[in-house]
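Q: Turn this into a model:
(2 chains)
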Number of protein chains: 2
Amino acid sequence: MEVTRKNFKEVLPEVDKAIKECCFIAIDGEFSGLDAANHSHIAPFDTHEERYGKVKKSCSDFLMFQVGICTFKYNQKTERYEARPFNFYVFPRPHSRVAPDLRFLCQASSIDFLASQGFNFNKVFLEGISYLTPEQEGNLRDVLQQKHREVSLFSSPAFTTPGTDEQAGVTKGPIHIPDEQKEFIRKNCEFIQNFMDELVKDTLNLPPSNGFQRKLLYQTIRQKFTGVHLETKTGEKKERYIVVTRVKSEDELKKKEKEKQAAEIAEIDDAVGFTQVIKMISQSGKLLLGHNMLLDIIHILHQFYYPLPNGQEKWNENHTISYEDFKAMTHCAFPRIVDTKLMGSMNPFKEKIPSTGLGDLQKFLEFPPFCKPEVDLAEGFSSYNTPDQHHEAGFDAYLTGLCYISMTNYLGSLQKNASGRVSPTSSLLDPYVNKLFLMRMADAPYIDLTGPDLKLKREHVFNISFPKEWKNEDLNQLFSPFGNIQISWLNDTSAYVSLYRKEEAKNVMKTLCKDNTVYQIIRYNDHKTGNSANLRKRPMSAPDCLPPSKKQKSLNVDAAPFVSRSITPPLSDIIAPEVPSYADALKKSVKNGQSNKSKNKEVGDHGDVKMFEEPENWG
Amino acid sequence: MEVTRKNFKEVLPEVDKAIKECCFIAIDGEFSGLDAANHSHIAPFDTHEERYGKVKKSCSDFLMFQVGICTFKYNQKTERYEARPFNFYVFPRPHSRVAPDLRFLCQASSIDFLASQGFNFNKVFLEGISYLTPEQEGNLRDVLQQKHREVSLFSSPAFTTPGTDEQAGVTKGPIHIPDEQKEFIRKNCEFIQNFMDELVKDTLNLPPSNGFQRKLLYQTIRQKFTGVHLETKTGEKKERYIVVTRVKSEDELKKKEKEKQAAEIAEIDDAVGFTQVIKMISQSGKLLLGHNMLLDIIHILHQFYYPLPNGQEKWNENHTISYEDFKAMTHCAFPRIVDTKLMGSMNPFKEKIPSTGLGDLQKFLEFPPFCKPEVDLAEGFSSYNTPDQHHEAGFDAYLTGLCYISMTNYLGSLQKNASGRVSPTSSLLDPYVNKLFLMRMADAPYIDLTGPDLKLKREHVFNISFPKEWKNEDLNQLFSPFGNIQISWLNDTSAYVSLYRKEEAKNVMKTLCKDNTVYQIIRYNDHKTGNSANLRKRPMSAPDCLPPSKKQKSLNVDAAPFVSRSITPPLSDIIAPEVPSYADALKKSVKNGQSNKSKNKEVGDHGDVKMFEEPENWG
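A: Numbers count the residues shown, from 1 in each chain, chains lettered A, B, ... in the order given. You can find the predicted model right below:
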């Protein structure tokens, strides 16, 4: 169901009911961009904090302008789910001249992509639902309250008109009316005189005027007429005009003022808009699903909950605190989250699912060993029976729910006393709950929202600095005594190198860390902590030191499909990630009595477990 | 005429012809926002450099996404003008994966305003014409040329496929095909085998695939098939797929490669897009009109000509150089410019025109003493006969041209031997040429592109610092011995104060600049140059020093229509600006033999000349 500011008020009770009655909720967002700078690339050897910092910095100036929310209610009678996908258009329309006037970033490629998918930008900008963070709402209410309090201190606000001290300052007389404005002022006074004489209508809209003209009008009308209340309004086309209202007494004037104040309060209520939906979801405490949902979560918190620290700042300033803040805020807002991309990338699904892109995943999960989930669209939600509406947020949220149902049904079917449905509070879900998928991080593939993150074991990773002429082959050759390597470039003259044969790690420093002037090598951990005397010493550049291989770097402009330095193959292709298998995690959580609360998550080396898929956007 | 990427190629020759044949060209732009931060407000006591810096910083991250260009050709036979208004939608669509992927800012209130005027954002994003700056174009061509050169060094590019050193590094073998991908690879090989066997079609599009799948496919196809050329393409919905082409010989392969290279070059030609139109205008050297065109000029230079220094930097770093650069660049790109807002604000028009907003100005200029200009829309340009299309760039450019014709006709009619038409090169225009209007700068109302700006005479302006409790009334009271003042707030504790009675200036420092601990006062010029021993000394805050007036600051939330500290009345209401009258300027330019080339523009105090209008967006 499409929801815009045209039907939002009418639909809101239905949204409320849907959230209250459902078992779980899926969410998805569409954004005005993804990556604020081309060089904020995420890399496989990021730490959790680094990754969060990079993603936040990179995304938080963009706007989430479409939010899909799909509730799933289980019908005990039919033993089927009823889905209610809502597709909300949201836009931070400034509801008044004192409302926040947001600036947001757009990324040309993202806008182009959405446009090519038929995304309706006109609907966003013209009919998008307003929103305010609770803080913005509070500020606006405070300001309004104080304004109303001040007005009540003056006996007759209309006769003093707003801003009197500015306009009728002690030493400043009234403004001189320039000749060219006299006719305009005269005509308007004529309108008012007729209006006052005729006694037919209660209010009169004067013609649109500019700020200077209104200033002159306020001044003149105040001098010439009594018993009128003046107010400036903004029309549909943004034109501003004065509304003149006839008032008989001071009481009536006060009543008018009261009405005006009530309207101003109602205006703020309206402006809170979509934030109410996020509050409802948060307050429901229900299981919230998303697919690759880190970005969605960051945007939801940032736009509707509490602004995350400014994305412009360096990500590593106080990163520990703000990363932990983010985890705590997320858990506080949404106490139970499942990321279906992470779930599909973990056992027992990983081996059975070749691709976890949302569309692919949903299709694979309709065929054995999985079952097509039994879901009906509730009455009034028929639009998603047509097949292909990818990249509409409501549809993607719906698909996310379908994936979740298939996967949980499969988990249930593996149990001894298999029943049809797995409850959203079932401990079967424990290995997947409150974890956010991280792209291209093979040995640390998720953020754990409720405990310490997986400890990174990167003893087999080294930082190396070298002349800018070096390329992959030179590194491959240098490290050839230790077997295959993975390279993650940091810049033209340094990279991380990871060994496939971890047991060789101890030999690297012995063999390569000789006193040489061509390159410098230090351990990953030393590099991260800055613990090296030589850390800042720059390597010499050619021709003083020739790279081991002299073959020219080949230029790969086309970038497709497997070039580019910054996009290296994921660790998972080479090195088995050290994450717990499904069975391990489940065992652990059962043993601990509660899931994921163990202080130290360092786990054994399950070298044979390959839980995570290759990235989709590779190359 | 609406121009999008759908008809751009077809219309371009017509645009070229229209520019070549016309007398003058009017231009107008629509932007994604105007003001990057709420607090970058322009102020009446800015210097020229400051003002330029503020405007540039504030606008240059936004996008000009609609450009109106209207050419006016004079028909000697009919003695009427023929107008050709083109309304271009432009968007920096990344034409390929190596093209620049621009990030641009949007301002919610601007977007909301345009949406309310019926602006079609979908058309911008879906059908906007591409553009590249000459530098971007050059870089792309260089990169492409080098790529083509490199390909020619290898004998058979298809057999080595792009990115070989990355993919088939010395120590890295081929990638292992994961089980779940085997079926996908097998099917694709089957497609290719059939295609090769059947000999019916010349090319085969494989199904869409992700980057990893394409990597596996390239590797497998290369092993299994000979005589095929592979290329990755992007479909309408942004899906990526491999195109397989049958090739019989190495010669044919080379021919295919040549074709591919030609297509890549053509792609850059296309991407240059709208920049060609700006080049045509620039190369024509014809008179360029705009209405309040500083923003238009900044955006045109920044987007299509040469990026102006990063708007994020502090405006006062090297501001002298970059401001002069801007003037030189503008004059180089557009050697003859007239800003119709400035023209309408100067004599002999000022006294006869109450408002110089574009719509108002155009209407006023249809009535005596002016004449409705005789303009026809050329064939195929009928759409602007409907009345109200304000804020469509093409329409606004058209109106700008109408204003210019009315005003020049009027200038002509004032001459002794009045002929119907004033040539765009007439010296009658000299007082108005190559000057850009500056909003809310009463004593320095324009940027002079071809000479030194008007020297600012601000001996009657003072900077004062005071406790944060102070407000307008306190300043009015302090300065009351010297008559009326204008106040321009800098922040909570300082402001510029300008005297209406300039002759009192000499008394201010004597009277007020005593040794007091409550406020500090220095001359404007000293403040600008930092030439004061006490400049950095902060005044004490209350309650140590009580303000002269104790009346509470009143809170003006509604802001309408005449409140707000930052928006002070323009000098023109109080102080007659020191700018040359039309007659003076004309005399001067005639006397000098050429216009506006005098080194020092300081002019006498024409206290009775009030050339500039009140700002439109006041309050």
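
Q: which residues touch A:D360?
A: With contact taken as C-beta atoms under 8 Å, 6 or more residues apart in numbering or on different chains, A:D360 is in contact with A:P354. All C-beta atoms are positioned from the backbone trio N, CA, C, and that covers glycine.

Q: Who does A:C106 form a beta bridge with?
A: Judged by DSSP bridges, the bridge partners of A:C106 are B:F104.

Q: Confirm for me that it is in contact with B:F104.
A: Yes: if you go by C-beta atoms under 8 Å, A:C106 and B:F104 touch, sitting 5.5 Å apart.

Q: Which neighbours do the two have in common?
A: Counting by C-beta under 8 Å, 6+ apart, the common neighbours of A:C106 and B:F104 are B:S32, B:L63.

Q: Which pLDDT value belongs to A:L153?
A: We have a pLDDT of 61 for A:L153.

Q: so A:A99 sits right up against A:G273, yeah?
A: No: counting by C-beta under 8 Å, A:A99 stays clear of A:G273, with 11.5 Å between them.

Q: what do those two both touch?
A: The contact lists of A:A99 and A:G273 share A:L132, where a contact means C-beta under 8 Å, 6+ apart.

Q: and A:F72, that one's in a strand?
A: Yes: the assignment for A:F72, made by DSSP: H, G, I helix; E, B strand; the rest coil, places it in a strand.

Q: what is it paired to in the beta sheet?
A: Counting by DSSP bridges, A:F72 is bridged to A:F24, A:A83.

Q: Next up, the contacts around it.
A: Contacts of A:F72 (C-beta under 8 Å, 6+ apart): A:C22, A:C23, A:F24, A:I25, A:A26, A:Y81, A:E82, A:A83, A:R84, A:V375, A:G401, A:I405.

Q: cool, A:C332 as well?
A: Neighbours of A:C332 in contact, by C-beta under 8 Å, 6+ apart: none.

Q: Could you tell me whether it really is in a strand?
A: No: per three-state DSSP, A:C332 lies outside any strand segment and is helix.

Q: remind me which residues of chain A are low pLDDT?
A: Counting by pLDDT under 70, chain A has low-confidence residues at A:38-40, A:151-175, A:237, A:309-321, A:383-390, A:418-420, A:442, A:514-516, A:531-619.

Q: now the farthest one out in it, which residue is it?
A: Distance from the C-alpha centroid of chain A peaks at A:D197, with 57.8 Å (C-alpha atoms, centre = their mean).

Q: Output the contacting helices and strands for the helix or strand containing that residue.
A: When secondary structure is defined by DSSP states H and E, A:D197 falls within helix A:179-198. If you count contacts as 3 or more C-beta pairs under 8 Å, 6 or more residues apart in numbering or on different chains; DSSP states H and E, helix A:179-198 packs onto strand A:203-205, helix A:211-224, strand A:240-246.

Q: can you tell which of the ones you listed is closest to chain B?
A: helix A:211-224 (3.1 Å; C-beta to the nearest C-beta).

Q: Buried residues, the closest one. List them.
A: Residues of helix A:211-224 classed as buried: A:G211, A:F212, A:Q213, A:R214, A:K215, A:L216, A:L217, A:Y218, A:Q219, A:T220, A:I221, A:R222 (neighbour count, 16 or more other C-beta atoms under 10 Å in any protein chain shown).

Q: can you narrow the residues you listed to ones near chain B?
A: Residues of the buried residues of helix A:211-224 in contact with chain B (C-beta under 8 Å from any C-beta of the partner chain): A:G211, A:F212, A:Q213, A:R214, A:K215, A:Y218.

Q: between those residues, which is nearest A:Q362?
A: Ranked by distance to A:Q362 (C-beta to C-beta), those are led by A:G211 at 55.1 Å.

Q: Show me the helices in the stretch 51-200 of chain A, by range?
A: A:108-116, A:121-127, A:134-153, A:157-160, A:164-167, A:179-198 (DSSP state H, counting those that start in this stretch).

Q: Redo those helices as a markdown table? Include distance to B:F304.
A: Shown next, in a markdown table, are those (distance: least, C-beta to C-beta, whole Å):
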| stretch | distance to B:F304 |
| --- | --- |
| helix A:108-116 | 15 |
| helix A:121-127 | 23 |
| helix A:134-153 | 37 |
| helix A:157-160 | 51 |
| helix A:164-167 | 42 |
| helix A:179-198 | 38 |
